[in-house]
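> Coordinates for the following, if possible.
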Amino acid sequence: MKHNRKGKTLDRKAGPRLALLRNLATSLVLYEKMNTTLAKAKAVRPMVEKLITTGRTKTLTSRRQLAKVLTVESAVNKVLEELGPRYATRPGGYTRIIKLGTRQGDGAEIAQIQLVKD
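Numbering: from 1, shown residues only. As a prediction, the model looks like this:
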């Protein structure tokens, strides 16, 4: 039974899935938009939203929590210096998913996930 199972498995074991989501979150923070499959976009969205909420308070604790997830130090700095102040008054909903259609090779749904300009 699937009681209390949260999140998508993306057809991967826990380690590779976590690495994939960390890399997607880092790319989204650095470039502010990216194209990926719809399932991956939906899986990374809550992770990025929590990272930006953590980055709204600029403390050593929040820096360390962000460094545990984001793979590049410049991404941590961007969340604390740029994205945190940008979304300081916004009560969530920092990302947007736009469906782009299907991929030619395998028919997977492609979507663009981007940070909302505010």
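
> Run through the residues that contact residue 70.
22, 25, 26, 29, 51, 76, 79 (CB atoms under 8 Å, 6 or more residues apart in numbering). In this view, the C-beta of every residue, glycine as well, is placed from N, C-alpha and C.

> cool, residue 29 as well?
Residues in contact with residue 29 (CB under 8 Å, 6+ apart) are 48, 51, 70, 75, 78, 79, 83.

> mind running it again at 6 Å?
If you count contacts by CB atoms under 6 Å, 6 or more residues apart in numbering, residue 29 has them with 75, 78, 79.

> Could I get the residues you listed in JSON lines, plus columns for distance to residue 115 and pLDDT?
Listed next are those as JSON lines, based on distance: CB to CB, whole Å; pLDDT from 0 to 100:
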{"residue": "75", "distance to residue 115": "13", "pLDDT": "98"}
{"residue": "78", "distance to residue 115": "11", "pLDDT": "98"}
{"residue": "79", "distance to residue 115": "11", "pLDDT": "98"}
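
> sorry, back to before: and of the contacts of residue 70, the nearest to residue 93?
Checking the contacts of residue 70 against residue 93 by CB to CB gives residue 51 as the nearest, at 14.1 Å.

> so which helix or strand takes in that closest one?
In this structure, residue 51 is located in helix 38-55 according to DSSP states H and E.

> and that helix, what does it pack onto?
helix 14-31, strand 95-102, strand 109-115 (3 or more CB pairs under 6 Å, 6 or more residues apart in numbering; DSSP states H and E).

> report the angle between the axes of that helix and strand 109-115?
10 degrees (axes from the mean of the first three to the mean of the last three CA atoms, to 10 degrees).

> Would you write out the PyMOL command that picks the buried residues out of the contacts of residue 70?
Applying 16 or more other CB atoms under 10 Å to the contacts of residue 70 leaves a buried subset, and the PyMOL line that selects it is:
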select buried, resi 22+25+26+29+51+76+79
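
> JSON lines please, covering the contacts of residue 70 and showing distance to residue 1.
Compiled in JSON lines, the contacts of residue 70 are given as follows (distance: CB to CB, whole Å):
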{"residue": "22", "distance to residue 1": "29"}
{"residue": "25", "distance to residue 1": "30"}
{"residue": "26", "distance to residue 1": "34"}
{"residue": "29", "distance to residue 1": "36"}
{"residue": "51", "distance to residue 1": "31"}
{"residue": "76", "distance to residue 1": "39"}
{"residue": "79", "distance to residue 1": "37"}
